[in-house]
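J.: Pasting the sequence and the predicted coordinates here, then a few questions.
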Amino acid sequence: MLNIKVIGSGCATCQKLESMCKEVVAENNLEAQIEKVTDLNKFAELGVFITPGLIVNNKVLNQGKLPTKSTLTHWLNDAVTK
């Protein structure tokens with residue numbers, strides 16, 4: 001099972017990343033838990049210094065920009081095989 005954390009304060013870009021994660025998980029029939037982290041104090045603790053941030057299975061994959069849907073799909077499918 002994938003453990004996905006979307007890190008962000010709730011801005012439109014952070015919401016879009018969360019939405020894209022849910023779409024990719026559903027479209028690829030992936031088993032995943034998606035968690036939204038909005039507590040500013042936890043961002044640095046998790047290793048994210050620019051939002052939006054994406055952590056999959058405790059590894060920071062993205063911060064500061066919105067990945068394309070195809071890139072996100074690749075990252076999540078790759079994480080399943082590891």
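T.: Yes, it's here.

J.: Which stretches in the chain count as strands?
T.: Per DSSP state E, the chain carries strands over the ranges 2-7, 32-37, 53-56, 59-63.

J.: centroid residue for this structure?
T.: By C-alpha atoms, centre = their mean, the mean C-alpha position of the chain lies nearest to Leu54, the distance being 3.3 Å.

J.: if we can go back for a sec, between the strands of the chain, which gets nearest to Lys22?
T.: Closest approach to Lys22 among the strands of the chain is made by strand 32-37 (6.3 Å; C-beta to C-beta). (C-beta placed from N, C-alpha, C; glycine too.)

J.: Send me the longest helix seen in the chain as CSV with only the CA atoms.
T.: Looking across the chain with DSSP state H, the single longest helix is helix 12-27. What follows is helix 12-27, C-alpha atoms only, in CSV (Å, rounded to 0.1, in the frame of the first residue of the first chain):
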residue,chain,number,x,y,z
ALA,A,12,-5.3,26.1,-5.0
THR,A,13,-2.1,24.3,-6.2
CYS,A,14,-2.0,22.1,-3.1
GLN,A,15,-5.6,21.2,-3.6
LYS,A,16,-4.9,20.4,-7.3
LEU,A,17,-2.1,18.1,-6.3
GLU,A,18,-4.3,16.3,-3.8
SER,A,19,-7.0,15.9,-6.5
MET,A,20,-4.5,14.6,-9.0
CYS,A,21,-3.2,12.0,-6.5
LYS,A,22,-6.8,10.7,-5.9
GLU,A,23,-7.4,10.6,-9.7
VAL,A,24,-4.2,8.7,-10.4
VAL,A,25,-4.8,6.2,-7.6
ALA,A,26,-8.3,5.5,-8.8
GLU,A,27,-7.4,5.3,-12.5
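
J.: Lovely, talk soon.
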